[in-house]
Each structure stands twice: as structure tokens, then as C-alpha cells.
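S.K.: the sequence and its predicted three-dimensional model are supplied below.
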Amino acid sequence: MVSFIDIFNQYSWDEVKQRIYSKTAADVETALGRQSRTLDDFMALISPAAAPYLEPMARLSQQLTQQRFGKTIQLYVPMYLSNECNNICTYCGFSFDNKVRRRTLSATEMLQEATAIRSMGYEHVLLVTGEANQTVHVPYFKNAINLLKKQFAHISMEVQPLDEADYRELITEGLHTVLVYQETYHREDYKKHHPKGKKSNFQYRIETPDRLGRAGVHKIGLGILIGLEDWRTDSFFTALHLQYLERTYWQTKYSISFPRLRPFSGGLEPKVEMVDRELVQLICAWRIFNQEVELSLSTRELPRFRDHVMQLGITSISAGSKTNPGGYAVEPESLEQFEIADERSPAEMARVISSIGYEPVWKDWDVVLS
Ligand code: SF4
């Protein structure tokens, strides 16, 4: 069966990196001047040569975003169901070798959390777990979706990669969206950061969006963990992945996230530091390259930065997030997966969004539209 790995294998990381770093101002101007852009243009827009073009990029990105999405910002929130995990990932507070108290929410606790999240105004929820196949498995997810679909209009999941048949089952149950970040497309570094557990299987992970596409999921979220490797090269591979998916599974929608490595208990220092200006460049490059894709920003980023980039290309943000299981109502003091940089409540965030002339959207989709 054909999958993205067949395309990915035709590329060399070093050659791609070299092509990006050799882009010139003329390449950037050509990319900016076109009506629709190629992957080669995307390379120019994320290259160091584009740094002096940040202002025209931001203007164009803002204009293209407003044309496609209007002046709206979708709000979402994660609900952590479990911090049990059998994997070792060097950058995560829930890693198996990190000695923290583990907890998986029961059905009653999920409902308590759901009530707290609903009271903040949310109608979309993102369910998050670690990878612990003994306790957090497909029947557990089925049960969670079943319980929570009565409370929320849209259910997303960020859990371990599953088989196509499992996805089909969960979609039938009421799952709409799955986020599965590759973390890095650099094979050797991927191995270094995932030394133990099922997540160390690079091929199974990179083929997950294919399995989701074949299962007919409504939306797939892609992304890399910025800080593990050269973000420009990793972003190129994300764009290559997205382009392949859009052409192959054209009925599915897509979103891109931009998580930068954040401090956590037992923390890993970023190998590659990305400064704010570079993240703005990346967000604008994505929008100029692709006008359909949703661009999402989490509470990992500081308030001032979030308020600024919301007007440049971002279409959805989280607010009031807790990254610990039970963090909203059941056990607010347990250990977080990573530290939150923007602590503002959803209501405060909605006021900020309105104050810059945008409309906060709590619900943009209903099951009757599927
Ligand atoms: S990133 Fe996910 S799989 Fe890795 S340790 Fe954290 S929760 Fe587990």
C-alpha cells in the first residue's frame, strides 16, 4: 500500500537543509509575488533569506487568512485523561523514566472534568493521554468518546498512533479529529529522543496520517516539536507531508501546530533555539504557502506573543489549559506535562480576541454537518 514514507524516502535531510539555506532574496521575492506557491517557494519563505521580509510576509499572511477564515479565532482546550506512559521521550514530563504519580481518569472523573470545561464555555474538546496500552486502550477511548460526545459538539484526540481499524471504530463512535505530531522528521534524532517504547517506531508514526486518511477522519493535525532539530528542515518535511495528504485524502481537513519545547519536570534543553521573530516567519510562511490549512497555537506561548500572532495567520488557540489529568476539577495539583506560559482564562482570552476586532468561536461545527 502506498504511503507517505515512499515519498519521504526519496529525500535526503542534508540536501533539503542545504537547499533551504542557499535560498536568496530573489527566491523570496519570487515566492511572495506568485498567486500560488510550490514547496520550493515554501523553502524560500522559511529560509534565513526571508528574515528581512517579515513585514510584507505578515501583511500578506494576514490578508490571506482574513480572506479564507474571516476575523475569527476558534477556541479549544485539552482534557488530559491519563499521564500513564510506557514510552521514554526525552522531552516529556510523562516519560516512563520520570518518577511521577500516574493517574488515569475514571468515567465519573471524566464527567467531572467535562462539566468544568463546559462551564468555561467550550464546545470543542481535545482528549490527551500518554501511551499505556494496558489501561489506556481502544475500549477506554471508545468509552470516553461515548460519554463525552453528549457534552461536546466536536471531539479531538491526541493519543498514541492506532491501527486503521481502530480509527474506523472510534470515528463511528463520534471521533472527529486526530492530532499526531511527528516531533521530528530527522530519523536518527527521532531515535535518540524516543529510545524506548512503541513510539520509537518511526515508520509506524510517520504512516499514521495515512491510516487516518484511509479511515476517513474529518481532520488531521500535524506538527513538529520545535527545538529537537533544525526547524526549517523539519517544517519543509511537514509541508511535504501535508501536500501529499491533501492530494491523497482530499476530503479530510488539516491543521498545523507550532509547539516549542517548554520546560518540564526533568527537562531537556532545546538543541535548536527558535526566537519569536522566527516563529512569526514560520507561521506567515505556512499561511502564504497554504490558505486552507488551520494554524493553531497553544498556551505554551506567552500572552504578548499570542496576542500578536493571532492577527497574522493563526486560526485556533487554546486557553485556560491544564496539562495534568484531572487538572480542571478532580485533582488540580497533580504534575503537568509541561509548563503553561499563558495562564489567562478562556473568558479573558475571548475578551482579548474581541478587543482586537476578531470574533471568538466556541463552536464551528456540528455533527449534522459531517
Ligand atoms: S510524549 Fe507522549 S508518548 Fe512520549 S512520554 Fe510523553 S506522553 Fe508518553
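M.R.: Received, thanks. Residues are numbered from 1 along each chain as shown.

S.K.: spell out the secondary structure type for whatever residue of the stretch 101-250 of the chain ends up closest to the ligand.
M.R.: The ligand sits closest to Gly130 of the stretch 101-250 of the chain, with a gap of 3.5 Å, by C-beta to the nearest ligand atom. Heads up, the C-betas are built off the backbone N, CA and C, glycines and all. Under DSSP: H, G, I helix; E, B strand; the rest coil, Gly130 falls in the coil class.

S.K.: now it: phi and psi?
M.R.: For Gly130, the backbone dihedrals (degrees, to the nearest 10) come out as phi -80, psi -170.

S.K.: I'd guessed it sits against Glu84; true?
M.R.: Yes. At 5.4 Å, Gly130 counts as touching Glu84 under the criterion of C-beta atoms under 8 Å.

S.K.: who has more neighbours out of these two?
M.R.: Gly130 (28 against 19; other C-beta atoms under 10 Å).

S.K.: around the ligand, pick out the residues from this structure.
M.R.: 85, 87, 89, 92, 94-95, 130-131, 199 (C-beta under 6 Å from any ligand atom).

S.K.: now, the most widely separated pair of those residues?
M.R.: Pairwise distances across the residues of the chain next to the ligand (C-beta to C-beta) peak at 11.5 Å, for the pair Phe94 and Lys199.

S.K.: which of those two has more neighbours?
M.R.: Phe94 (28 against 23).

S.K.: tell me the contacts of the residue nearest to Trp231 when sequence neighbours are not counted?
M.R.: If the residues on either side of it in the chain are set aside, Trp231 comes closest to Met274, at 5.3 Å by C-beta to C-beta, 6 or more residues apart in numbering. Contacts here follow C-beta atoms under 8 Å, 6 or more residues apart in numbering; on that basis Met274 touches 226-227, 231, 260, 282.

S.K.: can you redo these as TSV with pLDDT and distance to Ser298?
M.R.: Output for the contacts of Met274, formatted as TSV (pLDDT from 0 to 100; distance: C-beta to C-beta, whole Å):
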residue	pLDDT	distance to Ser298
Ile226	94	12
Gly227	92	14
Trp231	97	16
Arg260	91	10
Leu282	98	15
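
S.K.: inside helices: which ones of the residues you listed?
M.R.: Judged by DSSP state H, the contacts of Met274 include 231, 282 as members of helices.

S.K.: in the chain, which residue is closest to the centre?
M.R.: Ser257 (3.5 Å; C-alpha atoms, centre = their mean).

S.K.: need phi/psi at that residue.
M.R.: According to degrees, to the nearest 10, Ser257 has phi -120, psi 160.

S.K.: for it, give the beta-bridge partners.
M.R.: Gly223, Ser296 (DSSP bridges).

S.K.: my guess is it contacts Leu225, does it?
M.R.: No. Between Ser257 and Leu225 there is no contact, the gap being 9.7 Å when judged by C-beta under 8 Å.

S.K.: which residues do those two both contact?
M.R.: Tyr181.

S.K.: now do the helices in the stretch 51-200 of the chain.
M.R.: 54-69, 107-119, 138-148, 164-173, 187-193 (DSSP state H, counting those that start in this stretch).

S.K.: residues of the next helix-or-strand element following the last one that come out buried?
M.R.: Read in the C-terminal direction, the helix or strand following helix 187-193 is helix 202-206, with elements assigned using DSSP states H and E. Burial within helix 202-206, assessed by neighbour count using 16 or more other C-beta atoms under 10 Å, is assigned to 202, 205-206.

S.K.: same deal with stretch 88-106?
M.R.: Under the neighbour-count criterion of 16+ other C-beta under 10 Å, stretch 88-106 has 88-89, 91-96, 98, 100, 102-105 buried.

S.K.: residues in contact with stretch 45-61?
M.R.: With C-beta under 8 Å, 6+ apart, stretch 45-61 has contacts from 20-21, 23-25, 27-29, 31-32, 37, 44, 232, 235-236, 277-278, 280-285, 287-289, 312-313.
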